[in-house]
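> The sequence and its predicted three-dimensional model are supplied below.
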Amino acid sequence: MKKQLVLAVFLLMSLSFSAQNTSVQERFNKANEAYNNAKYEKAAELYRSILELDSVSAELHFNLANTELKQNNLGQAILHYEKALKLKPNQVSFQENLAYANSLTVDEIQSIEKSQLQIYIDKFNFLFSVDQWSYLVVSLAALMFFAFLAYVFSTKTFTKRLFFTGFIVFLVLAAISFSQAYRLDHLQQSQQYAIILSEEVPALAEPNARSSQVLTLHEGTKVKLLSKFNNYQEVQLADGTKIWISTKAFKKI
């Protein structure tokens, strides 16, 4: 009886998962069709309904970003381009569209100049996403396992050396990939960024309404999140400037 009950629950869960996947794919196709027919508001609505089902993908964020850009929602467009790149950092089309969207922003903030070494380090750090580094670790671990089995059951000295060397190489690469996945995850958790969604945001010197306004930020500007006090968030601009803004003015990437 218990086995039958477990089987029934398993079948129901499988059917539910299959139905949800079908629903997601249908909505995604309808959203793409709406976008191709220039029905951008409808397309955005469908893309967002998929996100509400916790079905997240880089392509979904990218398509939603394109839809928001067509509707001149610059902040939302940049936000979702950034989210798409967070999932697939090396996707060229994502990078190009984000660069174009950033060129439309009002604020022209010069980034702190980096050394050539730091540029290479950043490129390596964001070569893959955390999930992609993790998949690489699993793949390399599988190759290690097969190389070890081949080493154990091989009878010839040459092949034993070959498979043992392969095992060591896969081990080193797996260790590097694991270290990179851990470092990148820690980096993303400790350094959080956001996009300004309000059309204009007063930037204050201190976290209170009586503080003097330092400058005005505009929709689409990317900021680094620092400390928080009441309804104010301390942020850092690309040039290193630290200011306080309302917590309602932005959304985390």
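Cool, got the structure. Numbers count the residues shown, from 1 in each chain.
> what about E33, how many neighbours?
Using other Cβ atoms under 10 Å, E33 has 13 neighbouring residues. In this view, the C-beta of every residue, glycine as well, is placed from N, C-alpha and C.
> Look at it and tell me its secondary structure.
Per DSSP: H, G, I helix; E, B strand; the rest coil, the local secondary structure of E33 is helix.
> Same question for S211.
Recorded secondary structure, S211: coil (three-state DSSP).
> which residues touch it?
By Cβ atoms under 8 Å, 6 or more residues apart in numbering, S211 lies in contact with 204-205, 244.
> Okay, and which of these map to strands?
Using DSSP state E, the subset of the contacts of S211 located in strands is 204, 244.
> Return, as residue ranges, the portions of this structure with sub-threshold pLDDT.
Scanning the chain with the threshold set as pLDDT under 70 gives 1-22.
> which stretches of it form strands?
Assigned by DSSP E, the chain shows strands spanning 193-196, 200-204, 213-218, 222-229, 232-236, 242-246, 250-252.
> among these, which is nearest E108?
If you check each of those against E108 by Cβ to Cβ, strand 213-218 wins as the nearest, at 10.2 Å.
> Tell me the buried residues in the closest one?
Going by neighbour count (16 or more other Cβ atoms under 10 Å), the buried part of strand 213-218 is L217.
> Please apply the same query to stretch 240-253.
Residues of stretch 240-253 classed as buried under the neighbour-count rule (16+ other Cβ under 10 Å) are 243-245, 249-250, 253.
> Please apply the same query to stretch 194-213.
For stretch 194-213, a neighbour-count test (16+ other Cβ under 10 Å) marks 194-197, 201-204, 207 as buried.
> Would you work out how far apart the start and end of stretch 231-247 are?
End-to-end span of stretch 231-247 (Cα to Cα, to the nearest Å): 6 Å.
> what's in contact with that stretch?
Stretch 231-247 is contacted from outside by 109-112, 194, 196, 198, 201-208, 211, 214-215, 217, 221-229, 248, 250, using Cβ under 8 Å, 6+ apart.
> could you pull out the helices for this protein?
Ranges of helices within the chain are 2-36, 40-51, 58-70, 74-87, 92-102, 116-125, 130-153, 157-190, based on DSSP state H.
> and the shortest one, what does it pack onto?
For helix 116-125, the helices and strands in contact under the criterion 3 or more Cβ pairs under 8 Å, 6 or more residues apart in numbering; DSSP states H and E are helix 157-190.
> what angle separates the helix it packs on from helix 116-125?
100 degrees (axes from the mean of the first three to the mean of the last three Cα atoms, to 10 degrees).
> Next, the angle helix 130-153 makes with helix 157-190.
Orientation of helix 157-190 against helix 130-153 (the same axes, to 10 degrees) gives an angle of 160 degrees.
> OK, contacts around S129?
Contact partners of S129, counting by Cβ under 8 Å, 6+ apart, are 86-89, 184.
> Show me the one of the strands of the chain that comes nearest W133.
Comparing the strands of the chain by Cβ to Cβ, strand 193-196 comes nearest, at 19.6 Å.
> How much space separates the residue nearest the centre of the chain from T247?
When Cα atoms, centre = their mean is applied to the chain, the residue found nearest the centroid is K86 (2.2 Å). Going from K86 to T247 by Cβ to Cβ, to the nearest Å gives 21 Å.
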